[in-house]
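Undergrad: I would like the atomic coordinates for the input below:
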Amino acid sequence: MLLHIEYKMDISVGGKTLKDLASINVILGKNGCGKSRILRHIDEHHTSLAEFSQVKYISPERGGVLKSEAAIIDAVQNNINWASTARRKNRVEQFRQISMAEFQQLELLVLRSIERNDNDIRPNLAFGFDTTLALINDLLDNIKLVRNDVSRFDIKSKNNNDILDSNTLSSGESELVTIAIGILSYAYQVGRENNINKKSLLLLDEPDVHLHPDLQDRLIKLLVAATKDKPIITIIATHSTAILGALSQQNAHVHFMKKNQSEFVFIPIDQQLKDILPIFGAHPLSNIFSQNPILLVEGEDDERIWQQAVRSSQGRIKLWPCEAGTKDKLNEYEDKVSALIDSVYDDAKAYSLRDRDNNPYDISNKNYIIRSRLNCYAAENLILSDDVLTSLGTNWEQMKEFVGDWLTKNSSHDKYNAMKSFAESFDRRNISVKDLRLIFIDLAKSNKPWEVVVGQAISKLSASSSRAEGSLADFLGEKIVNALNLCS
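TA: Below is the predicted model of the structure:
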């Protein structure tokens with residue numbers, strides 16, 4: 001039995017180079033950037049790849065119906081190159097009929113595997129071709145495939161067991177069945193070679209076509225299960241972030257494609273991508289991301305502030321806050337978000353907001369990312385802005401009095417020196433008050449977390465809100481306020 005195989009390899013074919021390929025790889029790019037062309041290019045030049053014994057290309061537009069046609073079965077059986085040649089087109093009108101011929105081949109491969117006792121499966125008397133068929137049926141909500149003696153299988157309703165006409169199937173159901181058959185038959189075919197020194201290539205061109213994101217997730221799980229202990233390198237061309245999300249727990253790599261590339265460098269789907277992928281929506285065509293763009297922030301406190309602002313705004317503030325962890329990591333997250341936008345969307349924007357600390361207020365944008373700094377030292381300083389203090393039933397002059405009273409009563413407090421230092425200047429904008437934030441909330445007699453208080457105040461900003469010095473809009477900074485239309 002082969003062990004789980006992990007790769008990191010390069011291939012060069014016909015003037016194109018793909019670097020750092022893993023077991024499963026994704027080329028993410030917009031329509032027209034050349035995703036399909038590179039897969040077909042690899043397929044057409046695969047004879048120059050000495051390290052690969054087999055290559056299978058599954059085209060993006062898969063036409064036809066799920067029924068057996070004798071002429072196609074004969075063509076597939078009598079000419080080993082017939083199906084692969086037919087599939088090199090963008091649209092294959094008889095793709096699903098070819099899949100029926102592959103279903104016959106899959107059945108034969110599974111039964112021969114049982115006969116040879118591959119992987120010691122013979123002692124498991126429950127294992128049969130129906131076990132493989134169940135993998136396909138698990139993808140489907142409303143229909144199932146049931147073997148028969150005439151046309152290889154019937155399509156039946158899972159609700160009442162009625163036999164259905166293949167012409168009545170939805171596009172998504174037909175897509176799932178045909179792609180699953182192709183993946184499983186190839187995996188069994190490669191598995192027969194049992195030669196770890198020879199690898200095989202599976203090229204999946206836009207397997208997400210006609211598939212709801214949940215179905216894309218199921219298909220990817222089948223792909224992972226079918227290929228995990230086979231010497232197969234899979235390359236998927238897609239513009240679906242749902243597929244990337246489905247692979248986020250695997251050792252998968254991704255390349256963000258642009259036009260006219262000859263070198264493709266694949267990178268791991270790392271923690272940063274895992275964090276931001278859900279925010280990009282189920283599918284780029286859904287416009288979820290464009291309607292609720294990402295807001296990258298430094299830490300958990302910042303994320304909670306903006307989550308509260310979004311919730312309390314009752315739909316007016318449309319953002320997906322995402323924590324980067326640190327200021328240094330924020331730059332890396334910005335690069336990942338920018339690469340994703342460039343590969344999937346045409347006119348999307350994203351935002352990032354960081355503490356000013358001791359830096360200048362101004363910061364330049366980065367590609368699609370509108371970058372801002374707070375116009376105060378850090379998020380904790382927002383507590384002391386006029387709007388937040390008003391929401392707490394107090395004001396800045398009263399807060400200064402509260403601080404003076406606190407100092408007279410708490411000389412042994414572990415935060416006494418920090419508060420004393422703050423009171424020497426009462427510079428509520430430009431010095432760190434991180435260690436004092438809970439005391440300020442307590443002095444205002446609030447039982448709410450400070451992040452909730454600040455987030456709720458942000459949600460109440462409007463065209464009539466003050467932008468004067470000391471206001472919440474002033475502390476947030478003109479750039480982010482205007483970019484997010486907070487005072488509109």
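Undergrad: tell me the SS of residue 233?
TA: The assignment at residue 233 comes out as strand when based on DSSP: H, G, I helix; E, B strand; the rest coil.
Undergrad: for the closest residue to residue 21 other than its chain neighbours, grab phi and psi.
TA: Excluding the flanking residues, the one nearest residue 21 by CB to CB, 6 or more residues apart in numbering is residue 9, at 5.3 Å. C-beta: built from backbone N, CA, C; applies to glycine. Residue 9 has phi and psi values of phi -140, psi 160 when expressed as degrees, to the nearest 10.
Undergrad: so what's the predicted local confidence for residue 9?
TA: With respect to pLDDT, residue 9 scores 88.
Undergrad: now residue 327
TA: 87.
Undergrad: contacts only, for it.
TA: Contact analysis of residue 327 by CB atoms under 8 Å, 6 or more residues apart in numbering lists 298, 354, 355, 357.
Undergrad: mind listing which of those residues are in helices?
TA: Within the contacts of residue 327, no residue falls in helices by DSSP state H.
Undergrad: just the ones of the residues you listed in strands?
TA: Counting by DSSP state E, the contacts of residue 327 place residue 354 in strands.
Undergrad: on the three-state scheme, residue 12 is what?
TA: strand.
Undergrad: could you check how far it is from residue 49?
TA: Distance, residue 12 to residue 49, by CB to CB, to the nearest Å: 9 Å.
Undergrad: now the residue nearest to residue 425 when sequence neighbours are not counted: phi and psi?
TA: Spatial nearest neighbour of residue 425, excluding adjacent residues (CB to CB, 6+ apart): residue 431 at 7.0 Å. Dihedral pair for residue 431: phi -120, psi 160, per degrees, to the nearest 10.
Undergrad: what's near enough to touch residue 431?
TA: Neighbouring residues of residue 431 by CB under 8 Å, 6+ apart: 377, 421, 422, 425.
Undergrad: pull the number of nearby residues for the spatially closest residue to residue 440 that is not a sequence neighbour.
TA: Counting by CB to CB, 6+ apart, residue 383 is the residue found nearest to residue 440 once chain neighbours are left out, at 5.2 Å. A total of 25 residues lie near residue 383 under the criterion other CB atoms under 10 Å.
Undergrad: before we move on, what about residue 262?
TA: Residues near residue 262, counting by other CB under 10 Å: 10.
Undergrad: residue ranges for the helices of the stretch 51-200 of the chain, please.
TA: Assigned by DSSP state H, counting those that start in this stretch, the stretch 51-200 of the chain shows helices spanning 70-78, 82-86, 95-116, 129-137, 171-193.
Undergrad: just the mean pLDDT for the shortest one, thanks.
TA: For helix 82-86, the mean pLDDT works out to 51.
Undergrad: equivalent analysis for the fourth one, please.
TA: Along helix 129-137, the predicted confidence averages to a pLDDT of 81.
Undergrad: give the other helices and strands that it contacts.
TA: Applying 3 or more CB pairs under 8 Å, 6 or more residues apart in numbering; DSSP states H and E, one finds that helix 129-137 contacts helix 95-116, strand 143-147, helix 171-193, helix 213-227.
Undergrad: could you dump those into JSON lines and include mean neighbour count and mean pLDDT?
TA: Listed next are the helices and strands packed on helix 129-137 as JSON lines, based on neighbours: other CB atoms under 10 Å; pLDDT from 0 to 100:
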{"stretch": "helix 95-116", "mean neighbour count": "20", "mean pLDDT": "68"}
{"stretch": "strand 143-147", "mean neighbour count": "18", "mean pLDDT": "83"}
{"stretch": "helix 171-193", "mean neighbour count": "22", "mean pLDDT": "81"}
{"stretch": "helix 213-227", "mean neighbour count": "19", "mean pLDDT": "89"}
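Undergrad: CSV for those, including distance to residue 476?
TA: CSV is the format used below for the helices and strands packed on helix 129-137 (distance: least, CB to CB, whole Å):
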stretch, distance to residue 476
helix 95-116, 54
strand 143-147, 53
helix 171-193, 45
helix 213-227, 35
